[in-house]
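*Asks:* coords please:
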Amino acid sequence: MAFENLTDRLSNVFSNLGRKGKLSEDDVNQALREVRMALLEADVNFKLVKEFIAKVKEKAIGEEVLNSLTPAQTVVKIVNDELTEMMGSETTEITLRPASEISVIMMVGLQGAGKTTTAAKLAGKFKSAGRTPVLVACDIYRPAAIDQLRVNAEKVKVPFFSLGDKISPVEIARRAIEEAKAQHYNVVILDTAGRLQIDEKLMDELQNIKKAVDVQWTVLTVDAMTGQEAVNVAETFTEKVGIDGVILTKCDGDTRGGAALSIKAMTGKPILYLGMGEKLDDLEQFYPDRMAGRILGMGDVLSLIEKAQKNIDEDKTKETMGKITRGKFDYNDFMDQMEQMKKLGGFGGIMKLLPGMSGLGDIDTDDAEKKMNQVKSIIQSMTPKERANPDLINPSRKRRIARGAGVDIAEVNRLVKQFEQMRKMMKQFGGAMRSKHGRGGFGNLGGLGNLGGMGRGRFPF
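*Replies:* Numbering: from 1, shown residues only. Predicted coordinates:
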């Protein structure tokens, strides 16, 4: 996952530092040398790393820090603050003109960076916010680019505008504005052409579009997996075309993190969003402070809560909590809870947002996901009556369920036994959970409230 290696390295550094108790200047210097190597391996710009370490060292080595009651925690806080500062400190959002006016956003970037998909993701976000966006196909060169944008527009249910591949992108942009005025669209998103590499022809075309139409935001999409090269691309587009912000794509892949840490400091342009997957709602607002917390293994509880509030049915959760306290929790409810977890990014997606979970080697998130799928298969092999009344499941039913799920009967026995243990535990603590969390926060996570036990035998996966 994104930044995983960097997070592991830094978590180890600070865990070792924390075990020392009182710190010496040599302890801090040794830790910062390891931090420096971790950042360089993450493909952060060398000059930037040098400046970062110098700032941290200046603040971390002093009597006030070294003689404090929690020196290691103080050093971590200094690193966290400096990481946040490096990435921009404040969150930058795309601000639009009043709904009665037209806002134009021009998407730029190299071919293969995910620009067309990101344009549709943005359109979906603006539509959800009550705007009326239109996606405009200005890439007349890449085969299937127009069709790809058309399909994505249909998926997010927003209007699509194209004049084919024979009209110049400048003219397409100009006429798209006329169409927006006629149809009362108030956000025009121009999906421009990319190239395999930067060339003058591409830059001239983008400059001409900006001269022809009043572009409020020029948004660059860069592939986070290209590391420092993403920063080089951002610097060139900033110089040649002028950009207002960056969207990092493919952040769900094997990203070393250098681009996210370097772009703002090197270009002066903020990161606006992170592309976290291929789905058209996999676009996360970029929060420098939250990202710093993730990188340092502190988790990102606020993002998890926001995901829960957005994706989880609160009425359904209250109904489930009521069943838990009455001891009526059944396999249907359990399936619902697994579906809720899936909406939050699955077991692995939740784990990386929880504080302190990055350095727990005994949690194999991939294995947990596989076991969850197996559990789902077993439950789906039960009859509706068995799911609603777990007490009906006897040895002969277990054999039939095992055959239906394609698993050994031992797996069914294990699920039934652990489910009963979980049900007893939920009944015992359900009242306390409801009174403590029922008004918001993690109460919105319903039966997922005790994530710490997952993967270690407390739950059936």
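
*Asks:* pLDDT below threshold where in the stretch 251-400 of the chain?
*Replies:* Judged by pLDDT under 70, the stretch 251-400 of the chain has its weakly predicted residues at 253-256, 297-327, 343-368.

*Asks:* so where do the helices sit in it?
*Replies:* Along the stretch 251-400 of the chain, counting by DSSP state H, counting those that start in this stretch, helices occupy 258-267, 288-295, 301-311, 314-326, 331-343, 346-351, 365-380, 384-388, 395-405.

*Asks:* In terms of secondary structure, what does the shortest one contact?
*Replies:* This points to helix 384-388. Where contact means 3 or more C-beta pairs under 8 Å, 6 or more residues apart in numbering; DSSP states H and E, helix 384-388 is packed against helix 331-343. All C-beta spots, glycine's among them, are computed from the backbone N, C-alpha and C.

*Asks:* got the angle between the helix it packs on and helix 365-380?
*Replies:* Relative orientation of helix 331-343 versus helix 365-380 (axes from the mean of the first three to the mean of the last three C-alpha atoms, to 10 degrees): 150 degrees.

*Asks:* From the contact counts, what lies against helix 331-343?
*Replies:* Looks like helix 331-343 contacts helix 301-311, helix 314-326, helix 365-380, helix 384-388 (3+ C-beta pairs under 8 Å, 6+ apart).

*Asks:* swap the cut-off to 10 Å and go again
*Replies:* Helix 331-343 sits against helix 301-311, helix 314-326, helix 346-351, helix 365-380, helix 384-388, helix 409-437, with contacts defined as 3 or more C-beta pairs under 10 Å, 6 or more residues apart in numbering; DSSP states H and E.

*Asks:* ok, now which ones touch Arg397?
*Replies:* By C-beta atoms under 10 Å, 6 or more residues apart in numbering, Arg397 lies in contact with 382-383, 386, 412, 416.

*Asks:* for Asp199, same thing?
*Replies:* Under the criterion of C-beta under 10 Å, 6+ apart, Asp199 has no neighbours.

*Asks:* Which pLDDT value goes with it?
*Replies:* In this model, Asp199 is scored at 82, pLDDT.

*Asks:* could you measure it against Gly227, distance?
*Replies:* 22 Å (C-beta to C-beta, to the nearest Å).

*Asks:* what's the answer for Arg97, then?
*Replies:* 35 Å.

*Asks:* can you tell me how far Arg195 sits from Ala224?
*Replies:* Plainly put, Arg195 is 19 Å away from Ala224 if you go by C-beta to C-beta.

*Asks:* out of those two, which sits in the busier spot?
*Replies:* Remark: of Arg195 and Ala224, Ala224 carries more neighbours, 29 against 16, as counted by other C-beta atoms under 10 Å.

*Asks:* The more buried one contacts Tyr273, correct?
*Replies:* No: using C-beta atoms under 10 Å, Ala224 is not in contact with Tyr273, being 11.4 Å away.

*Asks:* tell me, what's touching the two both at once?
*Replies:* By C-beta under 10 Å, 6+ apart, Ala224 and Tyr273 have these common neighbours: 246-249, 251.

*Asks:* Distance to Gly277 for those - can I get that in CSV?
*Replies:* Below are the shared contacts of Ala224 and Tyr273 laid out as CSV (distance: C-beta to C-beta, whole Å):
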residue, distance to Gly277
Val246, 18
Ile247, 14
Leu248, 13
Thr249, 10
Cys251, 9
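
*Asks:* residues near the closest residue to Leu283 other than its chain neighbours, how many?
*Replies:* Distances taken as C-beta to C-beta, 6 or more residues apart in numbering put Lys121 closest to Leu283, at 4.2 Å, once the chain neighbours are dropped. By the criterion of other C-beta under 10 Å, Lys121 has 23 neighbours.

*Asks:* Lys121 against Gly275, yeah?
*Replies:* Yes: using C-beta under 10 Å, Lys121 makes contact with Gly275 at a distance of 7.1 Å.

*Asks:* Spell out which residues are contacts of both of those two.
*Replies:* Contact criterion C-beta under 10 Å, 6+ apart; residues shared by Lys121 and Gly275: 114, 247, 249, 282-283.

*Asks:* Domain parsing of this structure, as residue ranges.
*Replies:* The record's domain parsing of the chain by automatic domain parsing lists 4-87, 103-292, 304-453.

*Asks:* Show me the one of those that comes nearest Glu93.
*Replies:* domain 103-292 (7.1 Å; C-beta to C-beta).

*Asks:* measure the closest one end to end?
*Replies:* Taking C-alpha to C-alpha, to the nearest Å as the measure, domain 103-292 stretches 32 Å from start to finish.

*Asks:* and that domain, how far out from the chain's middle?
*Replies:* In this view, domain 103-292 has its centroid 18 Å away from the chain centroid, taken as C-alpha atoms, centre = their mean, to the nearest Å.

*Asks:* swap in stretch 22-37?
*Replies:* With C-alpha atoms, centre = their mean, you get 31 Å for stretch 22-37.

*Asks:* For it, could you pull out the residues that count as buried?
*Replies:* Within stretch 22-37, the residues that count as buried by 16 or more other C-beta atoms under 10 Å are 23, 27-28, 31-32, 34-36.

*Asks:* same question, stretch 37-47
*Replies:* The neighbour-count check on stretch 37-47 (16+ other C-beta under 10 Å) flags 38-39, 42-45 as buried.

*Asks:* just stretch 191-200 next, same as before
*Replies:* Of all the residues in stretch 191-200, those buried under the rule 16+ other C-beta under 10 Å are 191-195.

*Asks:* From the contact counts, what lies against the helix or strand containing Asn80?
*Replies:* Assignment of secondary structure by DSSP states H and E places Asn80 within helix 71-87. Counting contacts by 3+ C-beta pairs under 10 Å, 6+ apart, helix 71-87 packs against helix 4-18, helix 25-41, helix 46-60, helix 63-66, helix 258-267, helix 288-295.
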